[in-house]
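1. From the sequence below, what's the structure:
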Amino acid sequence: MPHISNEWQKPWQVNIPEINYSNNKVYQSLTPSINAYYNNKNLQAVSGVEFKTDKLKLPSMVDTLYDETFKNGKDLLSYTNFSAYSQVLWISKYVNLNIGARYDYSSEFGDALTSRIGLTKLFKRYHFKLMGSKSFRTSGGILPNRIPNNYPKLYPESSITLEFENGYLISKNTM
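-> This is a model prediction of the structure:
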């Protein structure tokens with residue numbers, strides 16, 4: 001299933017009494033994606049790809065004494081991100097198995113492969129969940145541009161999460 005998302009904003013539009021200050025940057029993002037779904041009694045799957053372009057443009061008249069400029073010396077910052085992902089849920093009598101992976105490539109930060117695996121099941125009144133996953137998140141927008149040249153480079157955030165949950169429904173009148 002194809003999908004396109006487009007954003008256009010002036011998120012930094014500030015009206016300050018000083019006539020020389022204009023922080024009217026324009027942000028635009030375009031994200032086309034394609035997803036595929038499969039569903040039957042015991043198996044569900046989803047896969048897809050996405051390509052995102054982020055652009056941040058300075059107004060044509062910028063007074064560098066008052067307004068922030070870009071490190072690249074141009075009036076445009078542009079980043080691209082590509083991702084591909086897939087997830088499968090196998091439903092059985094004893095346990096449900098969920099396995100997924102996602103590959104991300106950022107023109108600013110490089111690439112990352114993240115994954116997840118989970119076991120879940122509901123038995124009448126008892127349920128459990130055991131899940132492990134890895135995540136990856138890049139700094140967005142203008143943040144990489146704001147790091148001074150003599151400071152260390154920004155790196156993406158990453159984490160590993162382990163979850164365990166179990167529960168028992170004591171009464172049908174409880175949630």
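2. hey, where'd the strands end up in the chain?
-> Remark: strands assigned in the chain by DSSP state E are 2-9, 26-39, 43-57, 76-91, 96-106, 110-123, 126-137, 157-168.
3. would JSON lines of the ones you listed with mean neighbour count and mean pLDDT be doable?
-> (Glycine included, C-beta is placed from N, CA and C.) Putting the strands of the chain into JSON lines (neighbours: other C-beta atoms under 10 Å; pLDDT from 0 to 100) gives the following:
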{"stretch": "strand 2-9", "mean neighbour count": "10", "mean pLDDT": "88"}
{"stretch": "strand 26-39", "mean neighbour count": "13", "mean pLDDT": "90"}
{"stretch": "strand 43-57", "mean neighbour count": "16", "mean pLDDT": "92"}
{"stretch": "strand 76-91", "mean neighbour count": "16", "mean pLDDT": "92"}
{"stretch": "strand 96-106", "mean neighbour count": "17", "mean pLDDT": "95"}
{"stretch": "strand 110-123", "mean neighbour count": "14", "mean pLDDT": "93"}
{"stretch": "strand 126-137", "mean neighbour count": "15", "mean pLDDT": "92"}
{"stretch": "strand 157-168", "mean neighbour count": "10", "mean pLDDT": "92"}
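4. Tell me which residues touch Ala84, please.
-> By C-beta atoms under 8 Å, 6 or more residues apart in numbering, the residues touching Ala84 are 47-50, 102-103.
5. what's across from the closest residue in space to Leu89 that isn't next to it in sequence in the sheet?
-> Leaving out its chain neighbours, the residue that sits closest to Leu89 by C-beta to C-beta, 6 or more residues apart in numbering is Gln44, at 4.3 Å. Using DSSP bridges, the bridge partners assigned to Gln44 are Asn39, Leu89.
6. Ok, the one 5 residues further on next?
-> Listed by DSSP bridges, the beta-bridge partners for Val49 are Ile34, Ala84.
7. Good, we can wrap up now.
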